[in-house]
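here is my input; please provide its structure:
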Amino acid sequence: MSTKYILIILGEPFSTFSEILGKYFSKRTKSKKVIILIGNKKLFNDQLKKLKYKLELNEINNLRNAKKNIINFFNISFKYNKAFSKISIKSKKYIESSFDTALDIIKKNEDKFILINGPVSKKAFLQKKYLGITEYLSRKTNTKNEVMLIYNEKLSVSPITTHIPLKYVVKQISKKKIVNNILKINNYYKEILKKKNFICNFRYKPAL
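This next block holds a predicted model:
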């Protein structure tokens, strides 16, 4: 089954992500995928207005109402005074609700999704409980041995370690972890990207 939906979590309400999306979607709204933003619609509109971008938004509360070639919007409640302000811990529940909404949509539907998240503050949102969003999503979805893959058609990069100080990297690298990453990425290439020749003559003999 091919991917049908792209879910975009707006993340930190006062980041520059609204400007990035405004700049992109003001020039390109047509897409083969159904695009759904998750965040506070009024705040997003206020920010776009301040940045002098105008986008048509289709507010929905279920996937059946989502349309192609328009930006669909799942609204998340959030109180604010100004369109742009300082990032603070006050946005924590709003961001968490945005992630919960996205994960709930994915869980309840059989279609395949691409999930994109806007920037979040490690200090205000993660609060040292998680090294990064990779680990946060892993815990939320009960996923073990998560693998980060930065992918495009020409080059892909997969860090063996993520979101830790350089001085701790060496202790976190092991043959087992490298093999796990390779096998998971190989499966991703074959099952999702439909590429059959990612690993050539790969062999691994476990240590006795």
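
burial count for V120?
Using other Cβ atoms under 10 Å, V120 has 25 neighbouring residues. C-beta coordinates here come from the backbone N, C-alpha and C atoms, glycine included.

might one say that it is in contact with I133?
Yes - V120 lies in contact with I133 (Cβ atoms under 8 Å); the separation is 6.3 Å.

tell me, what's touching these two both at once?
Common neighbours of V120 and I133, counting by Cβ atoms under 8 Å, 6 or more residues apart in numbering, are L126.

which other residues reach the worst-scoring helix or strand of the chain on mean pLDDT?
When each helix and strand of the chain is scored by mean pLDDT, DSSP states H and E, strand 150-151 comes last, with a mean of 84. For strand 150-151, contacts defined as Cβ under 8 Å, 6+ apart pick out 156-159.

strand partners of that strand, parallel vs antiparallel please.
strand 156-157 (antiparallel) (DSSP bridges).

so for the strand it pairs with, mean pLDDT?
Taken as a whole, strand 156-157 carries a mean pLDDT of 86.

any idea of the mean pLDDT for the helix or strand following that strand?
Counting by DSSP states H and E, the next helix or strand C-terminal to strand 156-157 is helix 169-172. Averaged across helix 169-172, pLDDT comes to 89.

quick one: buried residues of the helix or strand that helix 169-172 is followed by?
Using DSSP H and E, the helix or strand that follows helix 169-172 towards the C-terminus is helix 175-191. Burial within helix 175-191, assessed by neighbour count using 16 or more other Cβ atoms under 10 Å, is assigned to 180-182, 185-186, 188-189.

the residues you listed into CSV, with extra columns for pLDDT and distance to L63?
Formatted as CSV, the buried residues of helix 175-191 follow (pLDDT from 0 to 100; distance: Cβ to Cβ, whole Å):
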residue, pLDDT, distance to L63
N180, 89, 33
N181, 88, 32
I182, 89, 35
I185, 88, 29
N186, 87, 31
Y188, 84, 24
Y189, 85, 28
